[in-house]
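Asker: Any chance you could fold what I've pasted below:
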Amino acid sequence: MKKTLIAMAAIATTQMAMAQVTVTGELGYGYNKIQAARSATSTSGLMMTDGEINFKAVEDLGGGFKVTVNSAVQLKGRDSAMKARDATIAFLTPIGQVTAGTIDSDSEYPRAFADAKISLPSDKQVAGGDNVDVIAFTTKLGPVYTTLSYTEGGTQDVLDLATALGAPMPAAALGLPSTAPFPSTVTFLNGGTARNLSPGGPGAGGGPVQITSLNASYAEGPLSVGLTVSSYAVSASVQDVAGAGLFRSAYDGRVDTSVSGAYNFGVAKVGVGYKSRSKGWGTETEAGISVPVGAFSFGLTFEQKEDDTKTIGDGVTAGQFESGAIKRLVGAGDPTLYLGGKANIGDFVPGLIAADLKGTAKRTKIRVGVDYAFSKMTSLNFSYGTYELGSAARPMTALGTKQASNMTTDEFQLRLMKKF
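Answerer: Now for the predicted structure:
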């Protein structure tokens, strides 16, 4: 019996050595103050700012093969909803690594910046994205890592457009009356059938946009540089949708090129990045610096995306709208935008132009912060950020409203962060 127990213990020990599971995470709590406009009333209060649990399992298969699984869950307290975060499985081989899973963002915005020690909300990103499915192959060629990736989903720009095309929206937001007998929301239709072109979901072809990217990065000593080229295509699932030209004109064949670099001078680390986007999309620029001073670390970042409301979608002519391809129904009982099809009540006016549905005004974000490290796992952070949305080059005249201009948001945050 004793020999049997010893043998079982030996087997268990061997299996544990081959398949190791680690749990890490972080919790942050602090005081937040947000002012949507400098003349507006601010909102402030205590809040759980961060909360994430990460599970990682690694199994060594031998012969240079290894499998790694990562799964993260966002949990900010007992009264907050659990939210799935990145979940990936990676298969390492002697020639490279294949990674597949679902990640938070497919943004190919350059990431080799100064890593300033600041913390700000994710919804204030200059460029971001929804959860997307991804598969990628990474290999090392000398000192250069090369990755070829394919993602299915949508960028934040796609989400904005999907909202405009597919989801019910408050009538007031469209400049339409919202009190009886008018409905409080406006639904966008395609021939009388509701459409929702949001990324992902069953039967959505993985989302309206697929992105194929080639990335090369080099990091040796104090220098790191990166280059990414991404090509966009529109999913076949939306090719036959009336109004799909709005997608195709802006996304099909779009190419993004990102270049970035960072250098650690010892006393400070400086990083810059630039992203160009074809088909009328605005360029993006970022620069940052971080300076360590003892237990303190100071950081400053600047990000900017240029206005692209004027050029995006210019390939869709006004004639397509006037001929009935896309029109807005104006009626007391049913103010609805029809994408194709015929209405039986009300009268028509020229519908939305493509520029009304795509593109954003110039965005600028400046952030500054300081960290004090009590240890490698515990820190106190103070940060300030200011975000500005400029005037659109082309106002939303088709909706009878103009896009708000020069909207400025200020935010302050004091946060205690504990990692484990």
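Asker: what's the single longest strand in the protein?
Answerer: Ranked by residue count, the top strand of the chain under DSSP state E comes out as strand 43-62.
Asker: list the helices and strands that one packs on?
Answerer: In this structure, strand 43-62 packs against strand 19-35, strand 65-74, strand 407-419, with contacts taken as 3 or more C-beta pairs under 8 Å, 6 or more residues apart in numbering; DSSP states H and E. (Each C-beta comes from the backbone N, C-alpha and C, glycine too.)
Asker: Not counting the second one itself, show me its contacts.
Answerer: Pointing back at strand 65-74 there. Here strand 65-74 makes contact (C-beta atoms under 8 Å, 6 or more residues apart in numbering) with 51-61, 82-94, 101.
Asker: ok, Thr386 - contacts?
Answerer: Lys365, Ile366, Arg367, Thr408, Thr409, Asp410, Glu411.
Asker: For Tyr263, see how far away it is.
Answerer: According to C-beta to C-beta, to the nearest Å, Thr386 and Tyr263 sit 27 Å apart.
Asker: before we move on, the earlier item: any idea of the angle the longest strand of the chain forms with strand 19-35?
Answerer: Counting by axes from the mean of the first three to the mean of the last three C-alpha atoms, to 10 degrees, strand 43-62 lies at 160 degrees to strand 19-35.
Asker: let's number from 289 now, not from 1
Answerer: All right, first residue 289 from here; so that's strand 331-350.
Asker: Output strand 331-350 as CSV, nothing but the C-alphas.
Answerer: Provided in CSV are the C-alpha atoms of strand 331-350 (Å, rounded to 0.1, in the frame of the first residue of the first chain):
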residue,chain,number,x,y,z
THR,A,331,-19.1,63.9,-11.2
SER,A,332,-16.8,62.4,-8.6
GLY,A,333,-16.6,59.7,-5.9
LEU,A,334,-14.9,56.6,-4.6
MET,A,335,-14.8,53.6,-6.9
MET,A,336,-13.2,50.3,-7.7
THR,A,337,-11.0,51.4,-10.6
ASP,A,338,-9.4,48.1,-11.5
GLY,A,339,-10.2,44.4,-11.0
GLU,A,340,-8.9,41.5,-13.0
ILE,A,341,-8.1,37.9,-12.5
ASN,A,342,-5.8,36.0,-14.9
PHE,A,343,-5.5,32.3,-15.2
LYS,A,344,-2.5,30.8,-17.0
ALA,A,345,-1.8,27.1,-17.7
VAL,A,346,1.4,25.9,-19.3
GLU,A,347,2.1,22.3,-20.4
ASP,A,348,5.5,21.2,-21.6
LEU,A,349,4.9,18.5,-24.3
GLY,A,350,8.6,17.9,-24.8
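Asker: Give the ranges of residues in the stretch 489-638 of the chain that sit below the confidence cut-off.
Answerer: Within the stretch 489-638 of the chain, the ranges that satisfy pLDDT under 70 run 489-496, 523-538, 596-638.
Asker: And the helices in it, which stretches?
Answerer: 532-539, 606-610 (DSSP state H, counting those that start in this stretch).
Asker: Report the two members of the contacts of Thr674 separated by the largest distance.
Answerer: Greatest spatial distance among the contacts of Thr674 (C-beta to C-beta): Arg655 and Thr696, at 14.0 Å.
Asker: Look at those two and report which has more neighbours.
Answerer: Set side by side, Arg655 and Thr696 show more neighbours around Arg655, with 21 against 16, by other C-beta atoms under 10 Å.
Asker: In contact with Gly342, which residues?
Answerer: Gly isn't right for residue 342; it's Asn. Asn342 neighbours (C-beta under 8 Å, 6+ apart): Val311, Thr312, Gly313, Asn358, Ser359, Ala360.
Asker: In PyMOL, how would I select the buried members of those residues?
Answerer: Applying 16 or more other C-beta atoms under 10 Å to the contacts of Asn342, the buried members can be selected in PyMOL as follows:
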select buried, resi 313+358+359+360
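Asker: Tell me the one among the contacts of Asn342 nearest to Ser501.
Answerer: Distances from Ser501 to those, taken by C-beta to C-beta, are shortest for Asn358, at 20.1 Å.
Asker: The closest one bridge partners, please.
Answerer: Beta bridges link Asn358 to Lys344, Thr376 when assigned by DSSP bridges.
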